[in-house]
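1. Structure of the sequence below:
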Amino acid sequence: MEYVAMARTAAEGPELAAYMKGNGAKTLLCLNECDISDQANMSVDQAVAFYRKYCNPLAKKGYKVIAPAISNGVSNDKLMGLAFLDSFLKKCTGCKIDGVNIHWYGPKLGDFKRHISTVINKYSGKGEIWVTEFGLEGGKISKSFLQGAIDYLDKRKEITRYAYFGAFTNGKGMLDANGKLNSFGKIYKA
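-> Numbering: from 1, shown residues only. Below you'll find the predicted structure:
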């Protein structure tokens, strides 16, 4: 199994080069949800400065570096979701970016498919497209949503990697109380 590293917040920047060298990772996900206040919580300009200082040098050394993950949120107060990513990509001139990374949470499979289709249309020329978190709002899980999302993602060759969010053992995820795959986990594994 491949280990993919993530610089989740700005605090990890100073140790990032040593961490990448020491853990065997070849890919770095550079920042987690800058557009969310309880995650990386950075403005576009702060994210660009972080990328240039810590992530871009790693990309130039041969590591694959994926742009900051974004939510599918919308706000009138702050750039979020695709607007954040658009601004980041526009401002990070001269940056070596190997792909984009999105997250999605919502109520319906149709909404998920529309969002993924929008992402593909906007960013298919920007390198790889990763969906490293997706799921229903509120940590809910449904077999029809999970199967439908997996079937859709598997058919979209533009999506390089994807991961459902939540292998929890609290009955909401893919593991039972003993850490074994439940019916949801078996769908995901198949």
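2. And the biggest helix by length in the chain, what's buried?
-> Longest helix in the chain by number of residues (criterion: DSSP state H): helix 109-123. By neighbour count with 16 or more other CB atoms under 10 Å, helix 109-123 contains the buried residues 109, 112, 115, 116, 119, 123. (Glycine included, C-beta is placed from N, CA and C.)
3. What's the separation between the fourth one and residue 77?
-> It refers to residue 116. Going from residue 116 to residue 77 by CB to CB, to the nearest Å gives 26 Å.
4. do the same with the last one
-> Between residue 123 and residue 77 the distance, using CB to CB, works out to 24 Å.
5. do the same with the second one
-> When distance is defined by CB to CB, residue 112 is 25 Å away from residue 77.
6. Next: the third one.
-> Between residue 115 and residue 77 the distance is 21 Å, computed by CB to CB.
7. swap in the first one?
-> Taking CB to CB as the measure, residue 109 falls 29 Å from residue 77.
8. How about residue 37?
-> Taking CB to CB, one finds residue 37 at 10 Å from residue 77.
9. Between the two, point out the one with more neighbours.
-> residue 37 (9 against 5; other CB atoms under 10 Å).
10. Tell me the secondary structure at the more buried one.
-> coil (DSSP: H, G, I helix; E, B strand; the rest coil).
11. cool, and residue 130?
-> strand.
12. count of neighbours near it?
-> Counted with other CB under 10 Å, the neighbours of residue 130 add up to 23.
13. Please apply the same query to residue 23.
-> Residue 23 has 9 nearby residues by other CB under 10 Å.
14. ok, it - contacts?
-> Contact analysis of residue 23 by CB atoms under 8 Å, 6 or more residues apart in numbering lists 3, 5.
15. Distance check, the nearest residue to residue 8 once chain neighbours are set aside against residue 42.
-> Once flanking residues are discounted, residue 8 sits nearest to residue 32: 4.5 Å by CB to CB, 6 or more residues apart in numbering. To residue 42, residue 32 is 10 Å away according to CB to CB.
16. Residue 123 is in contact with residue 159, correct?
-> No. Contact criterion CB atoms under 8 Å: residue 159 and residue 123 do not qualify, at 10.7 Å.
17. Show me where this protein has its strands.
-> 5-7, 27-30, 64-66, 99-106, 128-136, 159-162 (DSSP state E).
18. Please name every helix or strand in contact with the fifth one.
-> I take that to be strand 128-136. strand 64-66, strand 99-106, helix 109-123, helix 143-155, strand 159-162 (3 or more CB pairs under 8 Å, 6 or more residues apart in numbering; DSSP states H and E).
19. Just the residues contacting the third one, thanks.
-> By CB under 8 Å, 6+ apart, the surrounding residues in contact with helix 109-123 are 72, 82, 85-86, 100, 102, 104, 106, 129, 131, 134, 144-145, 148-149, 152-153, 156, 158-159.
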